[in-house]
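A.B. asks: coordinates only, sequence not included:
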């Protein structure tokens, strides 16, 4: 299988799992997975994938960690 064949799927799944970690207040693991997701998803053109990152940012906002949210928005352009 070609490298990167499932890049978008992996990035979306990481964003989803990162969001789940944030929902149970596991900030360290959530941020680690969220960063990996953004790193992967910056290599693809997918509005749906960016929606997963936006959902992660929405979940992150109440925790008060805004720096990551800013990073992901600037990475998606």
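C.D. replies: Looks like it came in fine. The structure presented is a predicted model; accordingly, all values stated were derived computationally and were not measured.

A.B. asks: how about the helices in the chain?
C.D. replies: 7-23, 27-41, 47-60, 66-75 (DSSP state H).

A.B. asks: Enumerate residues external to the first one that contact any of its residues.
C.D. replies: Helix 7-23 is contacted by residues 27, 29-34, 36-38, 40-41, 43-44, 46, 48-49, 52-53, 55-56, 59-60, 63 when judged by C-beta atoms under 8 Å, 6 or more residues apart in numbering. (C-beta placed from N, C-alpha, C; glycine too.)

A.B. asks: Do me a favour and average the pLDDT over that helix.
C.D. replies: Average pLDDT, helix 7-23: 89.

A.B. asks: can you pull the buried residues of it?
C.D. replies: Buried residues in helix 7-23, counted by 16 or more other C-beta atoms under 10 Å: 8, 10-12, 14-15, 17-19, 21-22.

A.B. asks: now do the second one
C.D. replies: Of the residues in helix 27-41, those scored as buried under the neighbour-count criterion (16+ other C-beta under 10 Å) are 27, 30-31, 33-34, 36-38, 40-41.

A.B. asks: Skip the chain neighbours and tell me the closest residue to residue 30.
C.D. replies: residue 21 (3.6 Å; C-beta to C-beta, 6 or more residues apart in numbering).

A.B. asks: try residue 55
C.D. replies: Per C-beta to C-beta, 6+ apart, closest to residue 55 is residue 19, 5.8 Å.

A.B. asks: any weak-confidence spans in the protein?
C.D. replies: Across the chain, the ranges flagged by pLDDT under 70 are 1-5, 63-77.

A.B. asks: if you set the cut-off to 50 instead, what comes out?
C.D. replies: 1-2, 70, 73-77 (pLDDT under 50).

A.B. asks: Just give me the neighbour total for residue 49.
C.D. replies: Using other C-beta atoms under 10 Å, the number of residues around residue 49 comes to 21.
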